[in-house]
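Novice: build me a structure from this.
(2 chains)
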Protein chains: 2
Amino acid sequence: MRRDFMDFYSKNTLAMEHSFIREILKVTKGVKGVISFAGGLPNPDTFPREIISEIFNEVIINEGSDVLQYGASEGDRQLIKAIKTFESVENIGDDELIITNGSTNGIYNYTRSMIDQDDIIITEAPGFPGSIAAMEACGAKLSGIDMDELGMIPELLDKELNALLGKKKPVKFIYLIPEFQNPSGRTMSLQRRRDIIKIAKKYDIPILEDQPYRELRYSGERIITLWELARTEFNDPEIVTICKSFSKILGPGLRLGFSSGAPSIIGQMVKWSQKSIVSPDCVTQRVAAHFIDRGYMHEHINRIIELYRPKRDAMLDALEQYMPDGVKWTKPEGGMFIWLMFDKAVDTDVLFDKAIENKIAFIPGSKFYSANNKKRNEVRLNFSYPTIDEIKKGVEILASLI
Amino acid sequence: MRRDFMDFYSKNTLAMEHSFIREILKVTKGVKGVISFAGGLPNPDTFPREIISEIFNEVIINEGSDVLQYGASEGDRQLIKAIKTFESVENIGDDELIITNGSTNGIYNYTRSMIDQDDIIITEAPGFPGSIAAMEACGAKLSGIDMDELGMIPELLDKELNALLGKKKPVKFIYLIPEFQNPSGRTMSLQRRRDIIKIAKKYDIPILEDQPYRELRYSGERIITLWELARTEFNDPEIVTICKSFSKILGPGLRLGFSSGAPSIIGQMVKWSQKSIVSPDCVTQRVAAHFIDRGYMHEHINRIIELYRPKRDAMLDALEQYMPDGVKWTKPEGGMFIWLMFDKAVDTDVLFDKAIENKIAFIPGSKFYSANNKKRNEVRLNFSYPTIDEIKKGVEILASLI
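Specialist: Down below sits the predicted model:
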């Protein structure tokens, strides 16, 4: 008998779809001659191999009996301490921070802590499919709020919360990437952050702030996070939980991130971590702790910025040079993505097939919207992974296909 | 306002309890003068620090652009290949194996793939609280089947399945640790394994076989796993999924394990891994691959066995020497635990308090049963972590308290 086990799988398991982005990456990654703007991969040239290989060696020899043993589900104490110093938040309690297996793991554990079947999460539209897939897997229904150049539009958020809560719908949290958003590259202004927090407080709905790209700012002024803003200006250290990642700094293969928020919420996330993974890799956590302690972080981040800034500039220049009139795009101050907006007549799902034939890969905008609210005239372009020559050539070819 | 967010947490989150074992470990770990038989920790002397520190160094320098990048959710291809060779199962497909963040992560993802709220899992009684907690967190109801010296009693399993399925109850799988079981130290005989598989096939209920200690056999003959038995003798490669761990061999801090089973089930587990952690640590996976490829594994396992065997023997000898008449215990052929069975009048929850006063820690047997089926006259003793002197002295003191 060949079993398919369909009678055994849980409803949430059966509802999960395969990731379109993963499928594209499988087809295009490392394929000769393909210029890929599709991925969200850091450039391997940014990985600090020499330094961390030495620290790995040293940590295992000197601290092996500690770090090769079971570690706390809340994370390595030394890494927690190092992060607090690096983030200049020495005043937060140890119970307000958890180390996660990459920031996806933080988003999953936060969602798992909150969501019963069909509970609602408010997201940006367009939004990041990786998080959306994790949330939907937990049984959440998503309500996407349209963005303008400054991020999620507060009036629409207010209206939607008012409508949903008026109907007693179980809205559990608001999920945001306020800086260099994936996919749009947009950054939320300080005033917009205040407005969003005010609305969250008005309806008493917590915010999950995802900040994977925050350190990668190539121009403009750094803006206070919603998490810090809530703690300071609003004197509310509990309404915002933040997720950050070392993936874009040390390398995503290390699977390290952290979340910080109210002790009650972090406590629930620790419980889920204990049940599902016990803890992130303890050796890697200690290595990251020493990398920070020894002062490598700032210089290393500056090196990444100097590598990515010319790539962003090259893509913006190429778009300016080659794209026909009427095409618009975002001018991100950091991160990895530029968002292209075509005339409504352009269907980028169709454009995708044409581009692949011409050995150019990107992610069609439709993949960043939920089924009931799809726009089809947009495109996400990644600029961190391709070379500057590939960026110029790729944008020229793409423009010729429109 | 101080929020407790109780209105926001999911039902499964609110139902999770704190782990008693974790609490005991916090109180007793590293406390001066306490002899602890409570934990399930490998002895740090078993961690192959010199070898893996070198491999870490080399992997990051030579393969860093690959292993520091995002990796597949199914796991590192090189580690999958190495495991197949080590386990002598080169014939299984790549879609029949997933690398997990420790075996807990495999058990969690398998459970998550199968369980809707209140679905039923059959477990051993006594059973391993770490797995039970992960399963209950996913909303499962557990039905514990009593064991004898050879493991889960087939007649009782048959009767329970017959009763539950007769009432159309959603029984999703049978969970077993057939070798050196945690907590009892018992090993299922070959005939018993056949009997259990026959019953699983009769009712068409899949088995999850947890094998964290399999390599740690100190005496007796190695027995074929249920997974391999089903594949070969029963010509059914799908009914059993196996979880194994590197935690007791390379060190639990590395968070590495794997699961193997039907492609359909492994495929679902990959989806959950993608949503919740993306992948285990990719650097660590490659290091484990090279550790196996270079032939270090067998010799290393032999060294661990030579370290643990005298500890097991010392504990068995001390029990023989000091325990009063009427006390019984298991004689495990491997693993980390011995199970003590007292006269029914002895309440080991009470004995626990007396032991702690005398600086001896263990886990009372009641912690390994579900609420409705608790036995209170048993004790789990760990022998892998304490020294031989501590084992002798600790058992002597414990015996004096009965």
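Novice: wait, what's in contact with the closest residue to residue A:335 other than its chain neighbours?
Specialist: Nearest residue to residue A:335 in three dimensions, chain neighbours excluded: residue A:180, at 2.6 Å (Cβ to Cβ, 6 or more residues apart in numbering or on different chains). C-beta here means a position set from N, CA and C on the backbone, and glycine is covered the same way. By Cβ atoms under 8 Å, 6 or more residues apart in numbering or on different chains, residue A:180 lies in contact with A:186-187, A:213-214, A:216-217, A:332-337.
Novice: name the helices or strands packed onto the helix-or-strand element of chain A with minimal mean pLDDT?
Specialist: Sorting the helices and strands of chain A by mean pLDDT, DSSP states H and E puts helix A:20-28 at the bottom, at a mean of 73. Contact here means 3 or more Cβ pairs under 8 Å, 6 or more residues apart in numbering or on different chains; DSSP states H and E; on that basis helix A:20-28 packs against helix A:129-137, strand A:360-361, strand A:363-364.
Novice: list of residues touching it?
Specialist: Against helix A:20-28 from outside (Cβ under 8 Å, 6+ apart): A:34, A:36, A:38-39, A:129-130, A:356, A:361, A:363, A:367, B:274.
Novice: between the residues you listed, which is nearest residue A:67?
Specialist: residue B:274 (26.7 Å; Cβ to Cβ).
Novice: give the buried residues for the longest helix along chain A.
Specialist: In chain A, taking DSSP state H as the definition, the longest helix is helix A:297-322. Across helix A:297-322, burial judged by 16 or more other Cβ atoms under 10 Å in any protein chain shown covers A:297, A:300-301, A:304-305, A:308, A:311-312, A:314-316, A:318-319, A:322.
Novice: now render those as a markdown table, adding pLDDT.
Specialist: Listed next are the buried residues of helix A:297-322 as a markdown table, based on pLDDT from 0 to 100:
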| residue | pLDDT |
| --- | --- |
| A:297 | 96 |
| A:300 | 96 |
| A:301 | 97 |
| A:304 | 96 |
| A:305 | 97 |
| A:308 | 97 |
| A:311 | 98 |
| A:312 | 98 |
| A:314 | 98 |
| A:315 | 98 |
| A:316 | 98 |
| A:318 | 98 |
| A:319 | 98 |
| A:322 | 98 |
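Novice: the residue nearest to residue A:335: which element?
Specialist: Assessed by DSSP states H and E, residue A:180 sits outside every helix and strand.
Novice: and the helices and strands packed on helix A:20-28: which comes nearest chain B?
Specialist: Each of these has some distance to chain B by Cβ to the nearest Cβ; the shortest is helix A:129-137, at 4.3 Å.
Novice: could you identify the helix or strand that succeeds the closest one?
Specialist: Next in sequence after helix A:129-137, counting helices and strands by DSSP H and E, comes strand A:141-148.
Novice: may I see the buried residues of that next one?
Specialist: Neighbour counts over strand A:141-148 (16+ other Cβ under 10 Å) mark A:141-145, A:147 as buried.
Novice: stretch A:263-283 close to chain B?
Specialist: Yes - using Cβ under 8 Å from any Cβ of the partner chain, stretch A:263-283 reaches chain B at A:264-265, A:268, A:271-272, A:274-283.
Novice: then that stretch to CSV, C-alphas only?
Specialist: Output of stretch A:263-283 as CSV, limited to C-alpha atoms (Å, rounded to 0.1, in the frame of the first residue of the first chain):
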residue,chain,number,x,y,z
PRO,A,263,8.0,40.0,29.7
SER,A,264,4.7,38.3,29.5
ILE,A,265,4.9,37.9,25.7
ILE,A,266,8.6,37.0,25.7
GLY,A,267,7.7,34.4,28.4
GLN,A,268,5.2,32.7,26.0
MET,A,269,7.7,32.8,23.2
VAL,A,270,10.2,31.1,25.4
LYS,A,271,7.7,28.3,26.1
TRP,A,272,7.1,27.8,22.3
SER,A,273,10.9,27.8,21.7
GLN,A,274,11.3,25.1,24.3
LYS,A,275,8.7,22.9,22.8
SER,A,276,9.7,23.3,19.2
ILE,A,277,13.5,23.7,19.1
VAL,A,278,14.7,23.7,22.8
SER,A,279,17.1,26.6,21.8
PRO,A,280,19.0,28.1,18.9
ASP,A,281,22.5,26.7,18.3
CYS,A,282,24.5,27.5,21.5
VAL,A,283,27.9,27.6,19.9
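Novice: burial of residue A:157, as a residue count?
Specialist: Look at residue A:157: counted by other Cβ atoms under 10 Å in any protein chain shown, it has 23 neighbours.
Novice: repeat for the one 5 residues further on
Specialist: Counted by other Cβ under 10 Å, the residues lying close to residue A:162 total 13.
Novice: now do the contacts for it.
Specialist: residue A:203.
Novice: and it, how far from residue A:118?
Specialist: 20 Å (Cβ to Cβ, to the nearest Å).
Novice: ditto for residue A:317
Specialist: Residue A:317 is 47 Å from residue A:118, by Cβ to Cβ.
Novice: for the helix or strand that contains residue A:349, the distance to its chain's centre please.
Specialist: Assigned by DSSP H and E, residue A:349 belongs to helix A:348-357. Chain-centre distance of helix A:348-357: 25 Å, with Cα atoms, centre = their mean, to the nearest Å.
Novice: and residue A:141, what does it touch?
Specialist: Counting by Cβ under 8 Å, 6+ apart, residue A:141 has contacts A:118-121.
Novice: can you do 6 Å?
Specialist: By Cβ atoms under 6 Å, 6 or more residues apart in numbering or on different chains, residue A:141 lies in contact with A:118, A:120.
Novice: any idea of the pLDDT on it?
Specialist: For residue A:141, the pLDDT comes out at 95.
Novice: before we move on, the earlier item: chain center to the following helix or strand past the longest helix of chain A: distance?
Specialist: Of the helices and strands lying after helix A:297-322 in sequence (DSSP H and E), the nearest is strand A:328-329. Here strand A:328-329 is found 22 Å from its chain centre; the criterion is Cα atoms, centre = their mean.
Novice: ok, the residue most central in space within chain A to residue A:177 distance?
Specialist: The residue lying closest to the centre of chain A (Cα atoms, centre = their mean) is residue A:212, at 4.8 Å. Look at residue A:212 and residue A:177: by Cβ to Cβ, they are 7 Å apart.
Novice: tell me the spacing between the nearest residue to residue A:195 once chain neighbours are set aside and residue A:202.
Specialist: Ranked by Cβ to Cβ, 6+ apart and with sequence neighbours excluded, the top spatial neighbour of residue A:195 is residue A:154, at 4.1 Å. Residue A:154 sits 11 Å away from residue A:202, going by Cβ to Cβ.
Novice: and those two? which has more neighbours close in?
Specialist: Between residue A:154 and residue A:202, residue A:154 has the larger neighbour count (other Cβ under 10 Å), namely 18 against 11.
Novice: give me the distance between that one and chain B.
Specialist: For residue A:154, the distance to chain B equals 22 Å [Cβ to the nearest Cβ, to the nearest Å].
Novice: which residues sit against whichever strand or helix holds residue A:172?
Specialist: According to DSSP H and E, residue A:172 maps onto strand A:171-176. The contact list for strand A:171-176, computed with Cβ under 6 Å, 6+ apart, reads A:114-115, A:119-123, A:164, A:205-209, B:8.
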